[in-house]
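>>> below is the sequence, then the predicted model.
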Amino acid sequence: MNIYVLVKRTFDTEEKIVVSGGKIQEDGAEFIINPYDEYAIEEAIQVRDAHGGEVTVLTMGGEDAEKQLRTALAMGADKAVLINTEDDLDEMDQFTAAQILADYLKDKNPDLILAGNVAIDGGSGQVGPRVADLLDINYVTTITKLEINGTQVNIVRDVEGDSEVLETSLPLLVTAQQGLNEPRYPSLPGIMKAKKKPLDEVELDDLDIDEDDVEAKTETIEIYLPPKKEAGRVLQGDLSNQVQELVQLLRTEAKVV
Amino acid sequence: MTKKVIVLGEAREGALRNVSFETIAAAKKISGGGEVVAVLLGDSVQSLATEMIHYGADRAITVEHPHLKTYTSDGFSQAFMAVVESESPDAVVFGHTALGKDLSPKVASKLKSGLVSDVTDIEGEGADVVFIRPIFSGKAFEKVKIKDGIDFITIRPNNIEPLAHDASRTGDVSSLSVDITNLRTVIKEVVRKSTEGVDLSEAKVIVAGGRGVKSEDGFEPLKELANLLGGAVGASRGACDADYCDYSLQIGQTGKVVTPDLYIAAGISGAIQHLAGMSNSKIIVAINKDPEANIFKVADYGIVGDLFEVIPMLTEEFKKLKAN
Ligand SMILES: Cc1cc2nc3c(=O)[nH]c(=O)nc-3n(C[C@H](O)[C@H](O)[C@H](O)COP(=O)(O)OP(=O)(O)OC[C@H]3O[C@@H](n4cnc5c(N)ncnc54)[C@H](O)[C@@H]3O)c2cc1C
Ligand SMILES: Cc1cc2nc3c(=O)[nH]c(=O)nc-3n(C[C@H](O)[C@H](O)[C@H](O)COP(=O)(O)OP(=O)(O)OC[C@H]3O[C@@H](n4cnc5c(N)ncnc54)[C@H](O)[C@@H]3O)c2cc1C
């Protein structure tokens, strides 16, 4: 089976966000594989181990994303591809990202593509379904269970806490929800092997893409931190007084009850 | 410049979800005085159309088809695109619900348009409209403008105030018939886990419990308080993973994103993935044994103490208040 995983390099979940000059400061920040993409990588490896084939992890971004791709290879992916847009694109949005990823994939005949359901930085959840639509293949989002028999696919997906049980077929794109699996940590031999696995780099020139065709449709005009909340009030004194005070505050100060 | 804006109403178990009315309010701002058209897709939605008009839509279009009884991206995108073709809107608004999240990127792709997802606020009107959305799990916000093509957004439930219901408003309700073919997904079963009563994403008051609640029974005092306040019970991932409650109660990045007036977090440490789902709440109350717990950093009011003491006392105090 020909399996692709869309992997995004994101800020570490715990990273503090600093805005300066209208941009998020990246200096010194830790980067990780988007957590939902880790579920996607793990599932891809399990599908390959059960059905044979090859797992390719695909990232669009800058040179720095090689680190996350190596981690995916160390987990057990077979090949990695970086579409390096560093020199070609200043502005991009989900439209841009999906166009580029889909263009790369269009002649690769993937049977199964896995993505994360959402990136914890940009947070739109658009890229997976957009790529599927551009490739004209079906997609199922926020999956928590995947079973493949031949070309038939049985899926359970999370719909606001309800579980939807459905049937579809390959080729298919799915997006991973937490609960799909427990991603493995790269093992030491895995890390050693990953160094020798192929990591290809392509640029927009190598693709069939004109920069104008992928120009962003949206523009971020400002990035800012939420207004600093005044330090919350931790109530003091005897517990029953605290409770009385809280109810008073909720009624008269906050006016929410 | 005025714009023609289409909103997609969303029904659940035969009734419109609140976010449908919020999409109308959002559309009004975007339209800058232009027309707001409500669209309803389903197997039987005709009767819901006037409700959309009462909440401010100028007219409504229904598309009814047996294949639209349950949502599939193929079925709904075909139906919605048929409406778009006949109406040529300047802007489109969906709710950022499970359905809206799944459908909007596909429609945007077909329209070759941008899409601003999970909008919590709108500034300006008409041609100057700017959208605000949280990024980095709510740790920052961005203002986004559409440069090219139609304005397409999804709005986070419970953030944009719906217009007042006005039963005297009238408007045209028409129906459009469409062919729906080639459904590639077959829904076999929907295992409903969502509890009855108030929809979490629409609740004005949420009492949420975490691993500190310690058992399924431990949720009982939280339920009592939530019922008294006309609210809903929520939970952290920790509580769901420990089997104290169902995953349908989960709040956070993986679970539901909520914006109630009052969020009471009991026995929840305040992990960033949990905060991503509730930090926009108007007022946050934290009850935790550990004074160092991260949840106190986002709380407006905090009580350091045992939730099994504090929650029942709170319930009693609210009962007294109600009695007066
Ligand atoms: C000036 C500027 C420069 C930018 N440069 C970059 C950049 O170099 N790299 C970058 O990733 N973003 C960059 N972005 C942001 C970019 O527009 C969005 O990150 C991108 O469109 C994805 O949107 P999202 O974060 O909402 O992802 P979502 O749609 O929430 O992501 C869902 C899933 O799609 C897949 N996915 C998303 N993005 C990628 C990707 N880049 N490669 C592979 N799979 C992906 C992953 O599986 C992910 O879990 C830039 C934005 C601006 C304004
Ligand atoms: C990709 C990813 C996605 C995630 N998505 C989500 C999500 O959507 N939602 C979510 O919630 N989490 C999510 N998580 C998990 C998150 O990181 C935390 O593990 C989780 O939120 C912890 O739950 P908790 O606060 O209930 O448990 P804990 O962190 O164990 O905290 C329990 C708290 O209860 C307090 N306590 C104990 N006993 C009492 C008592 N008697 N009275 C008062 N206080 C008491 C303790 O002091 C402690 O602060 C996600 C994680 C990952 C990796």
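Here it is on my side, so go on. Note that the structure is a prediction, hence the values are computed from the model and not measured. Ligands and ions are numbered 1, 2, ... in the order given.
>>> ok, how many other residues are close to the closest residue to residue A:12 other than its chain neighbours?
Closest residue to residue A:12 apart from its sequence neighbours, by CB to CB, 6 or more residues apart in numbering or on different chains: residue A:30 at 3.9 Å. All C-beta atoms are positioned from the backbone trio N, CA, C, and that covers glycine. Residue A:30: 9 surrounding residues under other CB atoms under 10 Å in any protein chain shown.
>>> what sits against residue A:30?
A:11, A:12, A:15 (CB atoms under 8 Å, 6 or more residues apart in numbering or on different chains).
>>> let me see the contact set for the spatially closest residue to residue B:69 that is not a sequence neighbour.
In space, and not counting its chain neighbours, residue B:69 is closest to residue B:43: 3.9 Å by CB to CB, 6+ apart. The contact partners of residue B:43, taken as CB under 8 Å, 6+ apart, are B:64, B:65, B:66, B:68, B:69.
>>> how about the residue of the stretch 51-200 of chain A found nearest ligand 1, nearest residue that isn't a chain neighbour?
Relative to ligand 1, the nearest point of the stretch 51-200 of chain A is residue A:122 (1.9 Å; CB to the nearest ligand atom). For residue A:122, ignoring the flanking residues on the chain, the nearest one in space by CB to CB, 6+ apart is residue B:135 at 6.3 Å.
>>> cool, residue A:211 as well?
Excluding the flanking residues, the one nearest residue A:211 by CB to CB, 6+ apart is residue A:88, at 6.2 Å.
>>> what's near enough to touch that neighbour?
Contacts for residue A:88 were tallied using CB under 8 Å, 6+ apart; they are A:203, A:204, A:205, A:211.
>>> picking up where we left off before, same list (the contacts of residue B:43) but as CSV, adding distance to residue B:265, neighbour count and secondary structure.
Converted to CSV, these look like this (distance: CB to CB, whole Å; neighbours: other CB atoms under 10 Å in any protein chain shown; DSSP: H, G, I helix; E, B strand; the rest coil):
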residue, distance to residue B:265, neighbour count, secondary structure
B:64, 43, 18, strand
B:65, 43, 16, coil
B:66, 44, 9, helix
B:68, 39, 21, helix
B:69, 38, 13, coil
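>>> would you map the strands across the stretch 51-200 of chain B?
B:59-64, B:91-95, B:116-119, B:121-123, B:130-135, B:140-146, B:151-155, B:173-175, B:186-191 (DSSP state E, counting those that start in this stretch).
>>> tabulate these (JSON lines), appending mean pLDDT and distance to ligand 1.
Shown next, in JSON lines, are those (pLDDT from 0 to 100; distance: least, CB to the nearest ligand atom, whole Å):
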{"stretch": "strand B:59-64", "mean pLDDT": "98", "distance to ligand 1": "28"}
{"stretch": "strand B:91-95", "mean pLDDT": "98", "distance to ligand 1": "15"}
{"stretch": "strand B:116-119", "mean pLDDT": "98", "distance to ligand 1": "7"}
{"stretch": "strand B:121-123", "mean pLDDT": "97", "distance to ligand 1": "18"}
{"stretch": "strand B:130-135", "mean pLDDT": "98", "distance to ligand 1": "8"}
{"stretch": "strand B:140-146", "mean pLDDT": "97", "distance to ligand 1": "9"}
{"stretch": "strand B:151-155", "mean pLDDT": "98", "distance to ligand 1": "12"}
{"stretch": "strand B:173-175", "mean pLDDT": "98", "distance to ligand 1": "34"}
{"stretch": "strand B:186-191", "mean pLDDT": "94", "distance to ligand 1": "23"}
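>>> can you redo these as a markdown table with distance to residue A:149?
Shown next, in a markdown table, are these (distance: least, CB to CB, whole Å):
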| stretch | distance to residue A:149 |
| --- | --- |
| strand B:59-64 | 34 |
| strand B:91-95 | 34 |
| strand B:116-119 | 34 |
| strand B:121-123 | 47 |
| strand B:130-135 | 40 |
| strand B:140-146 | 43 |
| strand B:151-155 | 35 |
| strand B:173-175 | 40 |
| strand B:186-191 | 14 |
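>>> tabulate the ones you listed (TSV), appending distance to ligand 2.
Listed next are those as TSV, based on distance: least, CB to the nearest ligand atom, whole Å:
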stretch	distance to ligand 2
strand B:59-64	34
strand B:91-95	19
strand B:116-119	15
strand B:121-123	23
strand B:130-135	14
strand B:140-146	19
strand B:151-155	19
strand B:173-175	39
strand B:186-191	20
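>>> go ahead and confirm residue B:278 touches residue B:252.
Yes: assessed by CB atoms under 8 Å, residue B:278 is found in contact with residue B:252 at 7.4 Å.
>>> near chain B, anything from stretch A:134-151?
Yes: shown here: stretch A:134-151 in contact with chain B (CB under 8 Å from any CB of the partner chain) through A:134, A:138, A:139, A:140, A:141, A:142.
>>> which parts of the helix or strand containing the fourth one are buried?
Applying DSSP states H and E as the criterion places residue A:140 in strand A:138-149. By 16 or more other CB atoms under 10 Å in any protein chain shown, the buried positions in strand A:138-149 come out as A:138, A:139, A:140, A:141, A:142, A:143, A:144, A:145, A:146, A:148.
>>> check contacts around the nearest residue to the second one once chain neighbours are set aside.
For residue A:139, ignoring the flanking residues on the chain, the nearest one in space by CB to CB, 6+ apart is residue A:132 at 3.6 Å. Applying CB under 8 Å, 6+ apart, one finds that residue A:132 lies in contact with A:113, A:138, A:139, A:173, B:106.
>>> can you count the residues close to the first one?
For residue A:113, the count of nearby residues is 29 (other CB under 10 Å).
>>> the helix or strand where it lies and ligand 2, are they touching?
Using DSSP H and E, residue A:113 sits within strand A:112-116. No: judged by CB under 6 Å from any ligand atom, strand A:112-116 stays clear of ligand 2, getting no closer than 9.2 Å.
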